[in-house]
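S.K.: sequence and predicted structure, then a few things I'm wondering about:
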Amino acid sequence: MKSIQQLIENALHELFDITVKVKLSRPDEQFGDYATNVALQLAKELSKSPRDIGEALADKLRETSAFSEVSVAGPGFINLRVPAQAVASALNESWSDNYGQNSDGNGKTVVVEYPSPNMAKPYSVGHLRPGNQGWAVKRLMEATGWKVITDNHLGDYGAPFGVWVTGFLKFSSDEALERDGVYELGRVYIQTKQALKDEKERGESVLADQVQSWLLRLEQGDSEARSYSEKFNRISLDHIHAVMNRLKISTDFELGEAFFAPRGKDAVSKLLETGVATQNDDGSIIVPLDEFGFDVPLLVQKSNGAALYATTDLATILYREENWHPDKVIYCVGAEQQFYFTQLFAMAKKLGIQTDLYHLWFGVIDQRNDDGTREKMSSRKGVVLMEELLNQAEAKAREVVAGRDVSDDDINKIALGAIKFSDFAADRRTNILFDWDSIFALTGFSGPYIQYAAVRVNKILSDNMSGGQIGDYDFEPEKSVLLKLAEYPDVVRLGARELEPHKIATYLYELARELNRYYETTRVSDADPIEKTARLDVLGKVSHVFRHGLGLLGIEVPSKM
């Protein structure tokens, strides 16, 4: 709370003629409402013991009416209690329709890259986290004032294309493709990869040569190769867009690897000319990164002249610099690519790129085996296709609300809320356990639990008219809820700075839990007019924070549950 910080800063200035920024924390309830360790921080500068500084500061603060209790603990920690009415007043002063947002990123541009699936494959659960985390980061950056540009960097180029055409001609037909679309392409890809493996074991290379031939034909602009590429891409994009629409995510651009491949080759040629890159005897091109501590150089072009991820990513960086002028670029890609991105960012530095390039990585989605152990979600053990996962989630949501008057639209919101919220259950760097029962639980850390709390608040507000005078109501029953509401702007700020959407999820769970405790002891609908008006005012603020916070995570509040 800014007013409390300001009071402490003013007191320190009066006592010690010093200007300092004070940070407040929330201690255990038994110690107080707020705490600060500023006395410990100033001990060296003031050449005084932190306890003496703390006692002097506590005496000064007790002179004001802002605190109901001030105490000094341990070596100099200062614990503060504030009247509930003061918390309510401070919250009202800072309240607006944009409560929770700030202008930290004003004047700055960030590019967020997600979900970036591969073409000609069904959208898999493997791209659930890139889409969820990317969308949440986009929303967080927007809430903190950044200009956000989003880009779906499609995997529409490279070796897979040759595999698909070769496999399609050998194992499929136009009729099957017309009937099953991207799922037929996915089946063909798996069958062809197995055939290539079997062929290699026999010491043969007929299929492998065909794969390489189709790749080269596409690079050379062959009309038949381009026709297959356009056909597969159209089928894939229709599918990708359908799944993204169900996930309620979108991007401003969809500039895939095929768009950047020719630009990448031009960029590699310039790196050779300037001496940044080196050509090996076999014709491959590398960028040495010894000065950045890498023994292994970054390969930017194959010996046969084919482009690689590094080729297209180099062109992507240069394109964004030239056209979008970002201050920051965030790549939402899994943990398995950490080493590659450290190399890529090192190459960018070598080229003089000053933009902050950030790899927003995350763990995998685990499932529980019959014996209780965990492993990465796979087709052997259950759903890996995103559409199947969403279908099952909607079926599960119907079970949860069975017998209640809940619309299909609300059921979809509950299903998607459960799936998405599970992604933010912990620090994104950890693996998450996907468990149907826990993610749909109406108690505990789950999306439906938070959504239900929001629906309940909205129901109370819609059933009760407000508009009376609050007067001198003391807000003591609402104090814990008010203190939690006061935290929200700092939670958003920290979530955006650290790119940690799970901090928002954790906060919303704590707010819902605090609200449920409040309902146990406090009446709203049949309270006297002054109390009712005050309580509805607080619940209106709670409703705003639920809607805003869930919105940052890409989750909507149902009208009924």
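M.R.: Now that the structure is in, tell me what you want to look at.
S.K.: in PDB, list the C-alpha atoms belonging to stretch 237-251.
M.R.: Extracted in PDB, the C-alpha atoms of stretch 237-251 (Å, rounded to 0.1, in the frame of the first residue of the first chain):
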ATOM      1  CA  LEU A 237      -3.600 -24.200 -40.900                       C
ATOM      2  CA  ASP A 238      -7.300 -24.800 -40.900                       C
ATOM      3  CA  HIS A 239      -6.800 -27.400 -38.200                       C
ATOM      4  CA  ILE A 240      -4.400 -25.200 -36.200                       C
ATOM      5  CA  HIS A 241      -6.800 -22.300 -36.300                       C
ATOM      6  CA  ALA A 242      -9.700 -24.500 -35.200                       C
ATOM      7  CA  VAL A 243      -7.800 -25.700 -32.200                       C
ATOM      8  CA  MET A 244      -6.500 -22.200 -31.300                       C
ATOM      9  CA  ASN A 245     -10.000 -20.900 -31.500                       C
ATOM     10  CA  ARG A 246     -11.100 -23.600 -29.000                       C
ATOM     11  CA  LEU A 247      -8.200 -22.600 -26.800                       C
ATOM     12  CA  LYS A 248      -9.200 -18.900 -27.100                       C
ATOM     13  CA  ILE A 249      -5.700 -17.900 -28.200                       C
ATOM     14  CA  SER A 250      -4.600 -16.000 -31.300                       C
ATOM     15  CA  THR A 251      -1.600 -14.200 -32.700                       C
END
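S.K.: the bottom helix or strand of the protein by mean pLDDT?
M.R.: strand 374-376 (a mean of 77; mean pLDDT, DSSP states H and E).
S.K.: buried residues in that one?
M.R.: Under the neighbour-count criterion of 16 or more other Cβ atoms under 10 Å, strand 374-376 has nothing buried. Quick note: C-beta positions are derived from backbone N, CA and C, even for glycine.
S.K.: each with direction, which strands does it pair with?
M.R.: Paired neighbours of strand 374-376 in the sheet (DSSP bridges): strand 365-368 (antiparallel).
S.K.: so where's the stretch 351-500 of the chain shaky on pLDDT?
M.R.: Regions of the stretch 351-500 of the chain meeting the criterion pLDDT under 70 cover residues 377-383, 467.
S.K.: which stretches in it count as strands?
M.R.: Taking DSSP state E, counting those that start in this stretch as the criterion, the stretch 351-500 of the chain carries its strands at 356-360, 365-368, 374-376, 432-433.
S.K.: nearest to Pro297, of those?
M.R.: Nearest to Pro297 among these is strand 356-360; the distance by Cβ to Cβ comes to 18.7 Å.
S.K.: which residues touch the least confident helix or strand of the chain?
M.R.: Strand 374-376 is contacted by residues 364-369, 381, 431, 433 when judged by Cβ atoms under 8 Å, 6 or more residues apart in numbering.
S.K.: can you check stretch 177-184 too?
M.R.: Residues outside stretch 177-184 that contact it (Cβ under 8 Å, 6+ apart) are 120-122, 168, 172, 176, 185, 187, 235-236, 238-239.
S.K.: quick one: buried residues of that stretch?
M.R.: Using 16+ other Cβ under 10 Å as the burial criterion, the residues of stretch 177-184 that qualify are 177, 182-184.
S.K.: could you do stretch 111-119 as well?
M.R.: If you call a residue buried by 16+ other Cβ under 10 Å, then stretch 111-119 has these buried ones: 111-119.
S.K.: list the helices and strands the host helix or strand of Arg234 packs on?
M.R.: Here Arg234 sits within helix 223-247, counting by DSSP states H and E. Applying 3 or more Cβ pairs under 8 Å, 6 or more residues apart in numbering; DSSP states H and E, we find helix 223-247 packed against helix 128-143, helix 159-171, helix 182-201, helix 206-219, helix 386-400.
S.K.: looking at those helices, which is closest to Ala88?
M.R.: Comparing the helices and strands packed on helix 223-247 by their distance to Ala88 (Cβ to Cβ), the top pick is helix 128-143, with 24.1 Å.
S.K.: give the other helices and strands that the helix or strand following the closest one contacts.
M.R.: Next helix or strand after helix 128-143 toward the C-terminus (DSSP H and E): strand 147-151. Packing partners of strand 147-151 (3+ Cβ pairs under 8 Å, 6+ apart): strand 109-113, helix 128-143.
S.K.: burial measure for Thr36, as a count.
M.R.: Using other Cβ atoms under 10 Å, Thr36 has 22 neighbouring residues.
S.K.: ok, it touching Val22?
M.R.: Yes: the criterion here is Cβ atoms under 8 Å, and Thr36 meets it with Val22 at 5.7 Å.
S.K.: what do the two both touch?
M.R.: Counting by Cβ under 8 Å, 6+ apart, the contacts common to Thr36 and Val22 are Ile8.
S.K.: helix or strand right after the strand or helix carrying Leu61?
M.R.: Assessed by DSSP H and E, Leu61 sits inside helix 50-62. Moving toward the C-terminus from helix 50-62, the next helix or strand (DSSP H and E) is strand 69-73.
S.K.: any low-confidence regions in the protein?
M.R.: When residues are selected by pLDDT under 70, those of the chain lie in 1-2, 377-383, 467.
S.K.: nearest residue to the middle of it?
M.R.: Among the residues of the chain, Gln133 comes closest to the average C-alpha position under Cα atoms, centre = their mean, at 2.7 Å.
S.K.: just the element for Val300, please.
M.R.: strand 298-301.
S.K.: chain center to that strand, what's the gap?
M.R.: Distance, stretch centre to chain centre, for strand 298-301: 30 Å (Cα atoms, centre = their mean, to the nearest Å).
S.K.: tell me who's in contact with the nearest residue to Lys108 once chain neighbours are set aside.
M.R.: Sequence neighbours aside, Asp327 is the residue nearest to Lys108 in space, at 4.4 Å (criterion: Cβ to Cβ, 6 or more residues apart in numbering). Residues near Asp327 by Cβ under 8 Å, 6+ apart: 108-110, 355-356.
S.K.: okay, now the closest residue to Asn132 other than its chain neighbours: neighbour count?
M.R.: Spatial nearest neighbour of Asn132, excluding adjacent residues (Cβ to Cβ, 6+ apart): Asp423 at 4.4 Å. For Asp423, the neighbour count with other Cβ under 10 Å is 25.
S.K.: do Asn233 as well
M.R.: Applying other Cβ under 10 Å, we find 18 residues neighbouring Asn233.
S.K.: next one: Gly107
M.R.: As a burial measure, Gly107 scores 9 neighbours (other Cβ under 10 Å).
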